[in-house]
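[1] Need coordinates for the below:
(2 chains)
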Amino acid sequence: GENVEQHPSTLSVQEGDSAVIKCTYSDSASNYFPWYKQELGKGPQLIIDIRSNVGEKKDQRIAVTLNKTAKHFSLHITETQPEDSAVYFCAASGNTGNQFYFGTGTSLTVIP
Amino acid sequence: DTAVSQTPKYLVTQMGNDKSIKCEQNLGHDTMYWYKQDSKKFLKIMFSYNNKELIINETVPNRFSPKSPDKAHLNLHINSLELGDSAVYFCASSPDYYEKLFFGSGTQLSVL
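    Below you'll find the model as predicted:
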């Protein structure tokens, strides 16, 4: 099965700086890579996703990049704000659609 | 209107009891899920279900059972609760298997 590793587990940045979270996956058949943000006391919320036929996707201050050859994908948050503080999860999903593997999460703290 | 709602938000109970958590989605999605999030924030799939197929994670004890009265509801029944069942349980739904999951706000279960 798929194995998704996520780093770092915790990340602190100053407000206005950029934050980068990285994930690797093992199954070359995986073709869908979403990122979720979980705020305290809430459920995970989809913030951006990318498919394997695309190398990069951007939505305002967040972007995701995918390197299929190396089997890794990253979340980039620019101009961080205190409200970006949360736990972020990457995930990978395969062709068969019958499984969805989450990374172990990154706790991001943006220091005002 | 809340897209995926689950009740109760908090559930405190004694070992050995039987309890249920309710979930409803108003998004018209075909697929629903139950996830367990442990104290280290790891998200583990328990069940995925649409009107045709129930897929059970084989590591889930058979004390846990999903019940779906209709496409918009997927309730979770737990028999003979154990201390190790303490966790946050999330319901989710998606338009297709493992694509763009929408999560509820979670049920914090504490077994004493």
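[2] quick one: contacts for the residue of chain B found nearest chain A?
    Chain B approaches chain A most closely through B:F103 (3.2 Å), counting by CB to the nearest CB. For the C-beta atoms, the positions are set from N, CA and C on the backbone; glycine is no exception. By CB atoms under 8 Å, 6 or more residues apart in numbering or on different chains, the contact list for B:F103 reads A:Y36, A:G43, A:P44, A:Q45, B:V4, B:Y35, B:F90, B:C91, B:A92.
[3] helices or strands up against the helix or strand that contains A:F33?
    Using DSSP states H and E, the element containing A:F33 is strand A:30-38. Under the contact definition 3 or more CB pairs under 8 Å, 6 or more residues apart in numbering or on different chains; DSSP states H and E, strand A:30-38 sits against strand A:45-51, strand A:62-67, strand A:86-94.
[4] Next, the angle from that strand to strand A:62-67.
    Strand A:30-38 and strand A:62-67 are oriented at 150 degrees to each other (axes from the mean of the first three to the mean of the last three CA atoms, to 10 degrees).
[5] Read off the pLDDT value for A:N98.
    Model confidence at A:N98, expressed as pLDDT, equals 60.
[6] just to revisit the earlier point, which one of the helices and strands packed on strand A:30-38 lies nearest to chain B?
    It is, among these and with distance given as CB to the nearest CB, strand A:86-94, at 4.5 Å.
[7] and that closest one, what other elements does it pack with?
    The criterion is 3+ CB pairs under 8 Å, 6+ apart, and the helices and strands that strand A:86-94 contacts are strand A:19-24, strand A:30-38, strand A:72-77, strand A:100-102, strand A:106-111.
[8] anything in the helix or strand bottoming out on mean pLDDT in chain B near chain A?
    The helix or strand of chain B with the lowest confidence, counting by mean pLDDT, DSSP states H and E, is strand B:54-56 at a mean of 78. Yes. Interface with chain A: strand B:54-56 contributes B:I55 (CB under 8 Å from any CB of the partner chain).
[9] distance between the helix or strand just after that strand and the chain's centre?
    Per DSSP H and E, the first helix or strand lying C-terminal to strand B:54-56 is strand B:64-67. Taking the mean of its C-alpha atoms, strand B:64-67 sits 8 Å from the chain's own mean (CA atoms, centre = their mean, to the nearest Å).
[10] gap between the closest residue to B:M46 other than its chain neighbours and B:N79?
    Excluding its sequence neighbours, the residue lying closest to B:M46 (CB to CB, 6 or more residues apart in numbering or on different chains) is B:W34, at 4.4 Å. B:W34 is 15 Å from B:N79, where distance means CB to CB, to the nearest Å.
[11] These two: which has the busier surroundings?
    The neighbour comparison of B:W34 against B:N79 (other CB atoms under 10 Å in any protein chain shown) goes to B:W34, with 25 against 13.
[12] mind checking which helix or strand that one is in?
    For B:W34, the enclosing helix or strand under DSSP H and E is strand B:31-37.
[13] Just checking: what are the partner strands of that strand?
    Partners of strand B:31-37 in the sheet, by DSSP bridges, are strand B:43-50 (antiparallel), strand B:87-94 (antiparallel).
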